[in-house]
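# everything below, folded, please.
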Amino acid sequence: MKTIAASYAEAIADIQDGATLMVGGFGLVGIPENLITALVEKGVKDLTIISNNCGVDDFGLGLLLRNKQIRTIIASYVGENKEFERQALSGEITVKLIPQGTLAEKIRAGGAGIPAFYTPAGVGTPIAANRETRVFDGKEYLLEESLTADFSLILASKADRMGNLVYNKTAMNFNPIMAAAGRMTIAEAEEIVEAGTLSPGTIQTPGIYVQRLIAGRQTKRVEKRTVRA
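Numbers count the residues shown, from 1 in each chain. Here you go, the predicted model:
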């Protein structure tokens, strides 16, 4: 059985200054919002964050940015987070922007134990400057190294006590590949059920990838609400 933390503070107790974290989610969908809030309250700093983007200014990873707790962020785009944009342009944080598909594959490869791979994305652009390339079947490819992290913070819809996880539709996004690529994976789940409750065919992340669980409810904020005029 996996460790089930009694509080969010207990769940992230091992995360210290300078840690590298993968944080699941796409915008505000599928983010482990309560684990992020616990990091804000703990005050850990000089973090390297690997995430698709940083959401919005006053929620999720935006709170860590506002508190100047992030040193480096590896993401696919800035998004609509104005504080992220401001800190990136002023040089307050180091930003490494990676094509979204390449970012996903770097994480997946890291979880699979693959150190590097070749991709056509970025060839012929500034991204490829001074980087290794090779030609396969007459087409040029760029070498990309995989990504891993000290900790992966992810969100699941359901977990069982063995750490098996099920996600809710598109809230799955980066969570499964990040679960595999962290040395310690901490899963925030809306519901934790007894082992054997989940149908084996529905399990999307096997428990072998998960070291710690915490149960709780999410706010599930909408990033941009559009209504009919």
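# touching the helix or strand in which residue 106 is found from outside, list them.
Assessed by DSSP states H and E, residue 106 sits inside helix 100-112. Outside helix 100-112, the residues that touch it by CB atoms under 8 Å, 6 or more residues apart in numbering are 22, 50, 52, 74-77, 98, 115-117, 119, 121-122, 144-148, 174, 177-181, 209. To be clear about C-beta, it is placed using only N, CA and C from the backbone, and glycine gets the same treatment.
# any buried residues in it, and which?
Applying a neighbour-count criterion of 16 or more other CB atoms under 10 Å, one finds 100, 102, 103, 104, 105, 106, 107, 108, 109, 110, 111 buried in helix 100-112.
# then stretch 46-65?
Residues of stretch 46-65 classed as buried: 47-57, 59-65 (neighbour count, 16+ other CB under 10 Å).
# and that stretch, how far from the chain's centre?
A distance of 10 Å separates the centroid of the chain from that of stretch 46-65, by CA atoms, centre = their mean, to the nearest Å.
# likewise for stretch 178-193?
11 Å.
# which strands and helices sit next to the lowest-mean-pLDDT helix or strand in the chain?
One helix or strand of the chain scores below all others by mean pLDDT, DSSP states H and E: helix 82-90, with a mean of 88. Applying 3 or more CB pairs under 8 Å, 6 or more residues apart in numbering; DSSP states H and E, one finds that helix 82-90 contacts helix 61-66.
# list the buried residues for the helix or strand following the helix it packs on?
On the C-terminal side of helix 61-66, the closest following helix or strand by DSSP H and E is strand 70-75. Across strand 70-75, burial judged by 16+ other CB under 10 Å covers 70, 73, 74, 75.
# pairing partners for strand 70-75, with directions?
If you go by DSSP bridges, strand 70-75 pairs up with strand 47-50 (parallel), strand 94-97 (parallel).
# how far does that strand sit from its chain's centre?
11 Å.
# likewise for stretch 127-134?
Taking CA atoms, centre = their mean, one finds stretch 127-134 lying 26 Å from the centre of the chain it belongs to.
# sort out which residues of it are buried, please.
Within stretch 127-134, the residues that count as buried by 16+ other CB under 10 Å are residue 128.
# need the contact partners of it.
Contact with stretch 127-134 is made by 99, 118, 122, 123, 140, 141, 142, 143, as judged by CB under 8 Å, 6+ apart.
# of these, which pair is most distant in space?
Largest separation among the contacts of stretch 127-134 by CB to CB: 99 and 140, giving 15.5 Å.
# more neighbours, the two?
Neighbours per residue (other CB atoms under 10 Å) separate residue 99 from residue 140, with residue 99 holding more: 17 against 13.
# host element of residue 186?
strand 182-193.
# what's in contact with that strand?
Contacts for strand 182-193 (CB under 8 Å, 6+ apart): 4-5, 8, 11-12, 14, 22, 32-35, 148-161, 163, 165, 178-179, 205, 209-218.
# just the buried residues of the residues you listed.
Buried among those (16+ other CB under 10 Å): 4-5, 8, 11-12, 22, 32-35, 148-161, 163, 165, 178-179, 205, 209-216.
# and those residues, which of them are in helices?
8, 11, 33, 34, 35, 178, 179 (DSSP state H).
# let's have those residues in TSV, adding pLDDT and distance to residue 198.
Output for these, formatted as TSV (pLDDT from 0 to 100; distance: CB to CB, whole Å):
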residue	pLDDT	distance to residue 198
8	97	23
11	97	21
33	95	23
34	96	22
35	97	22
178	98	20
179	98	15
